[in-house]
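Visitor: With the sequence up front, the predicted model follows.
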Amino acid sequence: MMCACEHKQVSGGTTDCACEHWQRVMNNIMYFLYTVLPGASSRAKWTREGVDRAVAWGLHCEKAVARFRHRGSLRTAITKLARRNQQIGSFRDLASARRLLLERLLQNQLLEEGMREYVKQLSQDILGAEHASRVELVAQQQQQHASSLFRILTKTQHNDVTARLRARLMLEVASSSESGQVGECLSKIVYSPASLQTSLEVALLEEEDPVVEVGPAVARWVEEVVASPQHRLHRRVLKCLCSFPPHLLSKALARHPHLIMAVLKSLHREALNLQPSYDDEGCHWLPCRPSVLSWEDLVKVYSVVASHHSMAGQVQEAVEGWSMVEGGAVWGEVVRQAKATCMSASSNTSDS
């Protein structure tokens, strides 16, 4: 028979109108997103019956997504809902609603021990032992990290402690995700120089025994961007890295030595933008094209790069090779001024 609004044929003789069913589906999904998922992350009191009901809600969402994934209106509505809700990122996330729920329950530090064991078993049954183990490992790391935050707070000498902790936690979450979204995370803040500088410092100069290592992933991303002049973020990232104070830049390169040659090659590309200009005071090297780094930046960063003995042979070989080709005269002056700056700094240290 047909329902009153003639939206669809209804089987079994009931008058379950399609628009009413659609509204019911949306209400159920909204309940899962705005009540069930937040509670999984923050509620301390959970019972087995409550967890089972929450899992059933998740299964309901998965079935709804599978059933309506080809219907444009519902997909559009859920996509808009996802954009306004911090619990999911896209329509596809709801296809794994139970996984989202169980991950949050496992990471809920307030969950009682007995319930935690029940959730672990449930996760293994639904997600599989391997995936459940990965989620549990992340939860353990977060628990360990909670105590280390106090140590960071007491040891830090930086004024903006909140910004540094926020950057650290943001990178840890990105690094812990299955897809490893560190690069995407940094790309979003690259247009805020202060935020990018804080994030790079936190990652490249992280503690010797971090709970979640983010430094290597960040260093790989920086190397990729710095080594690619055509990369849309190349100029901003190179400028940010080279604006580090010398002692911090030196420390970052010591911890991630594979960055040294990438930085040196970037210096060479910048050096080729300079040409000599003569006046009564002598020779000055000025940019003939738009440049990322100033002459002072070139000298400072080269001094830091050249000070790393582990790569000294490769650095010297590269610079000598560049000095012998057309336009390479600038390197002789960079090396000379860098040595003069180092000698002056050593002299001042001795005098003090």
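Guide: Great, that's in hand.
Visitor: just checking, next helix/strand downstream of the helix or strand of the chain with the lowest mean pLDDT?
Guide: Within the chain, no helix or strand scores below helix 161-176, which has a mean of 67 by mean pLDDT, DSSP states H and E. For helix 161-176, the following helix or strand on the C-terminal side (DSSP states H and E) is helix 182-189.
Visitor: continuing past that next one, what's the next helix or strand?
Guide: Using DSSP H and E, the helix or strand that follows helix 182-189 towards the C-terminus is helix 193-204.
Visitor: List the contacts of that next one.
Guide: Taking contacts as CB atoms under 8 Å, 6 or more residues apart in numbering, the residues outside helix 193-204 that touch it are 160, 163-164, 167-168, 170-171, 186, 189-190, 214-215, 217-219, 222, 236-237, 240-241, 243-244, 248, 252, 255-256. From N, CA and C alone the C-beta is placed, and that goes for glycine too.
Visitor: Pull out the buried positions in the following helix or strand past that helix.
Guide: Per DSSP H and E, the first helix or strand lying C-terminal to helix 193-204 is helix 215-226. By neighbour count on 16 or more other CB atoms under 10 Å, the buried set for helix 215-226 is G215, P216, A217, V218, A219, R220, W221, V222, E223, V225, V226.
Visitor: Show me how far helix 215-226 is from its chain's centre.
Guide: Centroid displacement of helix 215-226 relative to its chain, using CA atoms, centre = their mean, to the nearest Å, is 11 Å.
Visitor: cool, and stretch 24-43?
Guide: 27 Å.
Visitor: Figure out the length between the terminal residues of it.
Guide: 26 Å (CA to CA, to the nearest Å).
Visitor: I'd like to know the average pLDDT value across it.
Guide: For stretch 24-43, mean pLDDT rounds to 84.
Visitor: residues in contact with that stretch?
Guide: Under CB under 8 Å, 6+ apart, the answer for stretch 24-43 is 54, 57-58, 60-61, 64, 68, 74, 77-78, 81, 85, 87-88, 94, 97, 100-101, 104-105, 107-108, 110.
Visitor: Let's see that with 6 Å instead.
Guide: Stretch 24-43 has contacts (CB atoms under 6 Å, 6 or more residues apart in numbering) with A54, W57, H60, C61, A64, N85, Q87, L101, R104, L105, N108.
Visitor: Just give me the neighbour total for the residue nearest to the first one when sequence neighbours are not counted.
Guide: Meaning A54. Nearest residue to A54, sequence neighbours excluded (CB to CB, 6 or more residues apart in numbering): V36, at 5.1 Å. The local packing of V36 (other CB atoms under 10 Å) involves 23 other residues.
Visitor: Compute the first-to-last residue distance for stretch 270-290.
Guide: End-to-end span of stretch 270-290 (CA to CA): 9 Å.
Visitor: Done for today, thanks.
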